[in-house]
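Student: Turn this into a structure:
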Amino acid sequence: MRDQLPHRGLEAWKWSDLRAEVAKHDPAGFDASMEATVSLPGDVGEARATVAEPDDLMGRIAAEYAADSVALRIPDGASYDRPLELSNLSQGNGRVVIEVGEGATLDVIERHDGESGFANLDIRYVVKAGGTLHRTVLSSDGPEMIRHVRAHVTLWDRAGFKQTKLTFGGAFSRLETRLACMGAVDVEMSGAYLLDGSRHADITHYIDFAAPGSTVRDAVAGVVTDKARGVFQGKFHVRRPAQQTDAEMRHDALMLSDTSRVNAKPELEIYADDVECAHGNTIGQLDENALFYMRQRGIPETQARALLIEAFVAARLGDDEDMLGLVRDWLAARA
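Tutor: Have a look, this model is predicted:
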């Protein structure tokens, strides 16, 4: 099975060679079953979500080695005063299926924090008509961790989806989100990666529009230094029936050292003729004029750099104080 892992010869994996990383590190947990812990927000009832057979290689690996699947269905119209939490995702193969019923609202927090080893997680979210899902992903793995997470999100008519990601990478980290917009849906996706040492992080987004009238905003920011490697891949696939699609995607990255690397590929594949779609990408360094302005006003250079980086990342993370606190900790450790 290791010989079948994705590698740089595949277009979607050309900057993230999972086969090579597994061969180099020989991580523990490749053929183990992940024992995910689920903290429920309340009574979700006895209904069990339908677990379909995976249609991709990493999903099939997860299905082969995972002992069981977490499969939950949130009742129609339900809402909770606290999030559902997925944790203990540190090693092995796991499968999670969560269905959000019609008109229901659910917040989910995923915590990925393994020290070393291999983790492969296949997640399926289904949001029924009028439902809302807010997904928060926190990845704070150790420098020897190899992690692959693929989330398939199916959104039905009038569904809402908000996603926020923060990752500090690992030996190899790929956080992939694939959306299927099956009706007129409202999507807001944002995230950030902060990488130092020789860490690697890959954020890949694929949004498939199959029906008219959807609105999507997708924005990711990255900060890399030392010999770290950042990857962003994003694609809007607008099928012919998906008229009146309004979608924007952008990626912005700061490179703080000459030895760091960022690869980015935003894409549009459009077959409809009545749409508004755009993408943008920038890669650069800190604004020296802004840095000079702050130093002229008595702010030490180290503090000024930290403030500029925090503001750059905060534009993607919003007012999430937990995430911003992790960003400040990362900056303080490098001061």
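Student: Can you give me every residue that contacts D329?
Tutor: If a contact means C-beta atoms under 8 Å, 6 or more residues apart in numbering, then D329 has no contacts. C-beta here means a position set from N, CA and C on the backbone, and glycine is covered the same way.
Student: ok, and for stretch 226-237, which residues are buried?
Tutor: Neighbour counts over stretch 226-237 (16 or more other C-beta atoms under 10 Å) mark 228-237 as buried.
Student: what does stretch 300-307 give?
Tutor: Here stretch 300-307 shows 304-306 as buried, counting by 16+ other C-beta under 10 Å.
Student: neighbouring contacts of it?
Tutor: The contact list for stretch 300-307 (C-beta under 8 Å, 6+ apart) reads 286, 291, 294-295, 299, 328, 331-332, 335.
Student: Export the buried residues of stretch 226-237 as JSON lines, with columns for pLDDT, distance to M34 and secondary structure.
Tutor: Shown next, in JSON lines, are these (pLDDT from 0 to 100; distance: C-beta to C-beta, whole Å; DSSP: H, G, I helix; E, B strand; the rest coil):
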{"residue": "A228", "pLDDT": "98", "distance to M34": "26", "secondary structure": "coil"}
{"residue": "R229", "pLDDT": "98", "distance to M34": "26", "secondary structure": "strand"}
{"residue": "G230", "pLDDT": "98", "distance to M34": "26", "secondary structure": "strand"}
{"residue": "V231", "pLDDT": "98", "distance to M34": "24", "secondary structure": "strand"}
{"residue": "F232", "pLDDT": "98", "distance to M34": "26", "secondary structure": "strand"}
{"residue": "Q233", "pLDDT": "97", "distance to M34": "25", "secondary structure": "strand"}
{"residue": "G234", "pLDDT": "97", "distance to M34": "27", "secondary structure": "strand"}
{"residue": "K235", "pLDDT": "98", "distance to M34": "28", "secondary structure": "strand"}
{"residue": "F236", "pLDDT": "98", "distance to M34": "31", "secondary structure": "strand"}
{"residue": "H237", "pLDDT": "98", "distance to M34": "30", "secondary structure": "strand"}
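Student: Any chance of those residues in CSV with distance to S257 as columns?
Tutor: Listed next are these as CSV, based on distance: C-beta to C-beta, whole Å:
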residue, distance to S257
A228, 8
R229, 12
G230, 12
V231, 17
F232, 18
Q233, 23
G234, 25
K235, 29
F236, 32
H237, 35
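Student: what's the closest of the residues you listed to D122?
Tutor: Ranked by distance to D122 (C-beta to C-beta), the buried residues of stretch 226-237 are led by Q233 at 18.6 Å.
Student: how about that closest one, what does it touch?
Tutor: If you count contacts by C-beta under 8 Å, 6+ apart, then Q233 has 12, 15, 202-205, 264-267 around it.
Student: next one: G318
Tutor: By C-beta under 8 Å, 6+ apart, the residues touching G318 are 164, 190.
Student: what does T177 give?
Tutor: Taking C-beta under 8 Å, 6+ apart, we find T177 in contact with 150-151, 153, 163, 189, 204-206.
Student: in its sheet, what does the helix or strand where it lies sit against?
Tutor: Element membership for T177, per DSSP states H and E: strand 172-181. Strand 172-181 pairs in its sheet with strand 144-155 (parallel), strand 200-209 (parallel), by DSSP bridges.
Student: Could you point out the helix or strand that follows that strand?
Tutor: Downstream of strand 172-181, the first helix or strand assigned by DSSP H and E is strand 186-195.
Student: tell me the mean pLDDT over stretch 27-41?
Tutor: Per-residue pLDDT values across stretch 27-41 average out to 91.
Student: buried sites along it?
Tutor: Buried residues in stretch 27-41, counted by 16+ other C-beta under 10 Å: 27, 29-30, 32-34, 36, 41.
Student: so how far is the first residue of that stretch from its last?
Tutor: Its start and end residues considered, stretch 27-41 measures 34 Å (C-alpha to C-alpha, to the nearest Å).
Student: returning to what we had before: counting only helices, which of the buried residues of stretch 27-41 make the cut?
Tutor: Per DSSP state H, helices hold no members of these.
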